[in-house]
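Colleague: Build me a structure from this.
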Amino acid sequence: MGEGYRRDFVNHLKRTLSKGYKEQSLRTALLNQGYSDVVIDRALDQALKELAEEEKAKKEKEKPKITYQIYDENNRLVKSSKPSFWKKLFGRR
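Modeller: Below you'll find the model as predicted:
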């Protein structure tokens, strides 16, 4: 199986899996179309791996970074980040 064909096959599986089709129903349909078990297993493994990586990257991208700054009454910056755990625990500043 050529690399371009394999990439297209994996992309097709990713699209169908993301639409909600089950692995077993895809496997059965592909076996009925004449694909071998080895080809199906490798392509499904690759598609599932890539979908998991994409989901992980998407979650990391969406994770917000929260920061805050404290200003005094004269609008001067007093503190620009959260105090450490130990400072909170022991009250040191």
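Colleague: how close does Pro28 sit to Arg42?
Modeller: Heads up, residue 28 is Thr, not Pro. The gap separating Thr28 from Arg42 is 17 Å, by CB to CB, to the nearest Å. No exception for glycine: its C-beta is placed from N, CA and C like everyone else's.
Colleague: which of the two has more neighbours?
Modeller: Shown here are Thr28 and Arg42; by other CB atoms under 10 Å, Arg42 has more neighbours (15 against 12).
Colleague: Distance check, that one against Leu48.
Modeller: Using CB to CB, Arg42 is found at 11 Å from Leu48.
Colleague: Show me where the protein has its helices.
Modeller: Secondary structure of the chain (DSSP state H): helices located at 3-18, 23-32, 37-62, 85-90.
Colleague: Let me know the outermost residue of the protein.
Modeller: Ranked by distance from the centre of the chain (CA atoms, centre = their mean), the top residue is Asn74, with 44.6 Å.
Colleague: can you pull the contacts of that residue?
Modeller: Asn74 sits next to no residue when contact means CB atoms under 8 Å, 6 or more residues apart in numbering.
Colleague: between the helices of the chain, which one is nearest to Ile70?
Modeller: helix 85-90 (13.8 Å; CB to CB).
Colleague: Show me what that closest one is packed against.
Modeller: Judged by 3 or more CB pairs under 8 Å, 6 or more residues apart in numbering; DSSP states H and E, helix 85-90 is in contact with no other helix or strand.
Colleague: if we can go back for a sec, and the helices of the chain: which comes nearest Gln69?
Modeller: Between Gln69 and the helices of the chain, the shortest gap by CB to CB is with helix 85-90, which sits at 16.7 Å.
Colleague: give me the low-pLDDT residue ranges for the protein?
Modeller: Judged by pLDDT under 70, the chain has its weakly predicted residues at 1, 79-84, 92-93.
Colleague: swap the cut-off to 90 and go again
Modeller: Applying pLDDT under 90 to the chain flags the ranges 1-6, 55-93.
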